[in-house]
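Colleague: generate coordinates for the sequence data below:
(4 chains)
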Number of protein chains: 2
Amino acid sequence: MHERLKPAGETRAADVLHRMRADIISCTLKPGAKLRFEGLRDIYAVSFSTLREALSRLVAEGLVVAEDQRGFVVAPVSIDDLTDLTYVRVLVERECVALAIKHGDDDWEAQIIGAFHRMDRLQNRLGSTYYLSEEWGKLHGEFHFSLVAACGSPNLLEIRQKLFERAHRYRRMSSQFRTKWRAKDVEHKMIMDAMIARDTARAMELIERHIRETTENVIKYAGHLFAAPDEQPRKRTAHAAE
Amino acid sequence: MHERLKPAGETRAADVLHRMRADIISCTLKPGAKLRFEGLRDIYAVSFSTLREALSRLVAEGLVVAEDQRGFVVAPVSIDDLTDLTYVRVLVERECVALAIKHGDDDWEAQIIGAFHRMDRLQNRLGSTYYLSEEWGKLHGEFHFSLVAACGSPNLLEIRQKLFERAHRYRRMSSQFRTKWRAKDVEHKMIMDAMIARDTARAMELIERHIRETTENVIKYAGHLFAAPDEQPRKRTAHAAE
DNA sequence: AAACGACGTAATTTCGAAAATGTAAATATT
DNA sequence: AATATTTACATTTTCGAAATTACGTCGTTT
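Modeller: Numbers count the residues shown, from 1 in each chain, chains lettered A, B, ... in the order given. As a prediction, this is how the structure comes out:
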């Protein structure tokens, strides 16, 4: 029974997709880095075709860009991209919030409270560096999802999810440079309370401020990383190395 | 010099992607249809891997859905999906319009006028069945794109484009059942005029009405096609048959 | 007779080698 | 010496066969 290398019921391509997405968001695969098949094959232990499929899907998520006939590159980061991303996220997330408040039922409220509780407890357990934890990041994502899960628009939710994950990479980039962390738990609680109280205007305002403040902090703490990714010289001597 | 089978500079996968997208939008590949590799290989004359890549990208565009380990299916159509699609399109397109009016310059106006002229001329040349023409559909798409091209948000534009193409399939489905066609040229001209006059509120209102009316007509003329795609029995006798 | 399980076939999914393409160094030409 | 052309190599892209998985059929049991 040692042949359970795959998560069971999942194709290998889907598995590689998940792992690569995690590696890109965590910046193990750095923004702008060339993705050579030779190297990737060693890391993820799959064939060219399978890699190609995973990469194609990541292109669609905006985490990888494909340069026709010249391979794949991890999507670069820039202040312009982050600014635009923030703009679109505010638009989409505000709408999701309004819809969720309109359509949400008791179970929706319960899910939110549960998700907040899980996030909050882990936060307390981890102490002041909770934001570096991979697991907290997951619970944070699930909390935000629970807020808008009842929005009723599958298309809007899907768009929101992709934007959220791209933003997550920026958050991760800044978190390692921060010494202090604003009291996020309070902010999250305020958003949750406004939504459950069905105060649409306030909830929209709070979620917008939440997104904008996060972006401002990313620029403040990690802005220096977005300097000049304009092509690393790159002798072709040792291959991969990454 | 007879070796120009590929559009030059484009990978084969990208070529197949374009052709399949066209076939799905034109309903040559019908909504809900199972996409068997054997059959697709004959139609598009490429290998499994190449097909798989093209299909993966179409999944991201929402024109194909992948059932894990059970192959690919042309994205089904339904009134629910169309309704939701319309809702999101109104949200996104209104924002694009407002941004384009804010940021557009003289060249932007010129592009719009040019695109309208091309569409209008072809419309006159084709007569009352212009809406059945593949070429008019292309010019129509380019006109709508020109309206929002100056919006300044790459992310919003990309989202808009994907939504537009999914909606295009619904338009195509209804067009073949319509005997009369509303005077679209007038509507388009009104939208164009409002935008160039920089009347943001009016332009947003007009584009919203334009989208909603189109949707209403799709439901009116093609609604009967969205009945019950809930699994065709499907004996496996003859394989493929498209 | 109905329900369950094993078999065989048809489909998808994965693989690694072969072909096509791009890139840079080396050579030739003006 | 500077530019253009050739040559060699690194990398991506494509292919079709092999492995894996799902599905329908048939046989067995209760």
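Colleague: secondary structure element holding the closest residue to chain B within chain A?
Modeller: Distance from chain B to each residue of chain A (C-beta to the nearest C-beta) is smallest for A:A60, at 2.8 Å. Just so you know, the C-beta spots here come from the backbone N, C-alpha and C atoms, and that holds for glycine as well. Assigning secondary structure by DSSP states H and E places A:A60 in helix A:48-61.
Colleague: starting at the chain centroid, how far to that helix?
Modeller: Shown here is helix A:48-61, whose average C-alpha point lies 18 Å from the average C-alpha point of the whole chain (C-alpha atoms, centre = their mean, to the nearest Å).
Colleague: quick check: next helix or strand after it?
Modeller: Elements were assigned by DSSP H and E; along the chain past helix A:48-61, the next helix or strand is strand A:64-66.
Colleague: okay, now the sheet partners of that following strand, with direction.
Modeller: Counting by DSSP bridges, the strands paired with strand A:64-66 are strand A:72-74 (antiparallel).
Colleague: which other residues reach the partner strand?
Modeller: With contact meaning C-beta atoms under 8 Å, 6 or more residues apart in numbering or on different chains, strand A:72-74 is reached by A:24, A:29-35, A:55, A:59, A:63-67.
Colleague: try stretch A:171-187
Modeller: Stretch A:171-187 has contacts (C-beta under 8 Å, 6+ apart) with A:25-27, A:77, A:120, A:123, A:128, A:130-132, A:137, A:206, A:210, A:213-214, A:217-218, A:220-222, A:225.
Colleague: which of these are buried? Put it as a ChimeraX command.
Modeller: For selection in ChimeraX, the members of those meeting the burial criterion (16 or more other C-beta atoms under 10 Å in any protein chain shown) are listed in this command:
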select /A:25,27,77,123,130,131,137,206,210,214,217,218,221,222,225
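Colleague: re earlier: ok, and the closest non-adjacent residue to the residue of chain A closest to chain B?
Modeller: Setting aside the residues directly before and after it, A:A60 is nearest to B:A60 in space (C-beta to C-beta, 6 or more residues apart in numbering or on different chains), at 2.8 Å.
Colleague: what confidence value was assigned to that neighbour?
Modeller: pLDDT, the model's per-residue confidence, is 91 for B:A60.
Colleague: give me the neighbour count for it.
Modeller: The criterion is other C-beta atoms under 10 Å in any protein chain shown. On that basis, B:A60 has 17 neighbouring residues.
Colleague: check contacts around it.
Modeller: For B:A60, the set of contacting residues under the criterion of C-beta under 8 Å, 6+ apart consists of A:56-57, A:59-61.
Colleague: out of those, who has the most neighbours?
Modeller: A:S56 (25 neighbours).
Colleague: would you confirm that that residue contacts B:L51?
Modeller: No - with contact defined as C-beta atoms under 8 Å, A:S56 does not count as touching B:L51 (11.8 Å).
Colleague: how many neighbours does the residue of chain A found nearest DNA strand D have?
Modeller: Per C-beta to the nearest atom of the strand, the residue of chain A with the smallest distance to DNA strand D is A:G71, at 3.2 Å. Counted with other C-beta under 10 Å, residues neighbouring A:G71 total 12.
Colleague: what residues are up against it?
Modeller: Contacts of A:G71 were listed using C-beta under 8 Å, 6+ apart, and they are A:34-37.
Colleague: A:L91 - nearest residue in space that isn't next to it in sequence?
Modeller: Nearest one to A:L91, counting by C-beta to C-beta, 6+ apart, is B:E95 at 5.8 Å.
Colleague: spell out which parts of chain A neighbour chain B.
Modeller: Of all the residues in chain A, those in contact range of chain B (C-beta under 8 Å from any C-beta of the partner chain) are A:9-11, A:14, A:49, A:52-53, A:56-57, A:59-62, A:68-69, A:84-85, A:87-88, A:91, A:95, A:153-156, A:159, A:163.
Colleague: how far does the strand or helix carrying A:L156 sit from its chain's centre?
Modeller: Element membership of A:L156 [criterion: DSSP H and E] is helix A:154-175. A distance of 4 Å separates the centroid of the chain from that of helix A:154-175, by C-alpha atoms, centre = their mean.
Colleague: got a pLDDT number for the most centrally placed residue in chain A?
Modeller: The geometric centre of chain A, computed from its C-alpha atoms, lies nearest to A:E165 (C-alpha atoms, centre = their mean), at 2.3 Å. Turning to A:E165, the model gives it a pLDDT of 96.
Colleague: centre of the chain to stretch A:170-179, how far?
Modeller: Taking the mean C-alpha point of stretch A:170-179 and that of its whole chain, the gap between them comes to 13 Å (C-alpha atoms, centre = their mean).
Colleague: list the buried ones in that stretch?
Modeller: Of the residues in stretch A:170-179, those buried by neighbour count under the rule 16+ other C-beta under 10 Å are A:170-175, A:178.
Colleague: for A:S47, which non-adjacent residue is spatially closest?
Modeller: Here the nearest residue to A:S47 in space, its sequence neighbours aside, is A:R41; by C-beta to C-beta, 6+ apart that works out to 7.2 Å.
Colleague: got the domain boundaries for chain A?
Modeller: Following automatic domain parsing, one finds the domains of chain A at A:12-76, A:79-224.
Colleague: dump these into JSON lines; add distance to DNA strand C as well.
Modeller: Formatted as JSON lines, the entries for those read as follows, by distance: least, C-beta to the nearest atom of the strand, whole Å:
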{"stretch": "domain A:12-76", "distance to DNA strand C": "3"}
{"stretch": "domain A:79-224", "distance to DNA strand C": "20"}
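Colleague: the contacts of strand A:72-74, buried ones only, as a PyMOL selection?
Modeller: Buried members of the contacts of strand A:72-74, defined by 16+ other C-beta under 10 Å, are picked up in PyMOL with:
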select buried, chain A and resi 24+29+31+32+33+34+35+55+59+63+64+66
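Colleague: and the end-to-end length of stretch A:34-51?
Modeller: 14 Å (C-alpha to C-alpha, to the nearest Å).
Colleague: and it, does that touch DNA strand D?
Modeller: Yes - where contact is defined by C-beta under 7 Å from any atom of the strand, part of stretch A:34-51 touches DNA strand D, namely A:34-38, A:48-49.
Colleague: now that stretch, how far from the centre of its chain.
Modeller: 23 Å.
Colleague: buried residues in that stretch?
Modeller: Residues of stretch A:34-51 classed as buried by neighbour count (16+ other C-beta under 10 Å): A:34-35, A:40, A:43-44, A:46, A:50-51.
Colleague: so which of those are in helices?
Modeller: Under the assignment DSSP state H, the buried residues of stretch A:34-51 contribute A:40, A:43-44, A:50-51 to helices.
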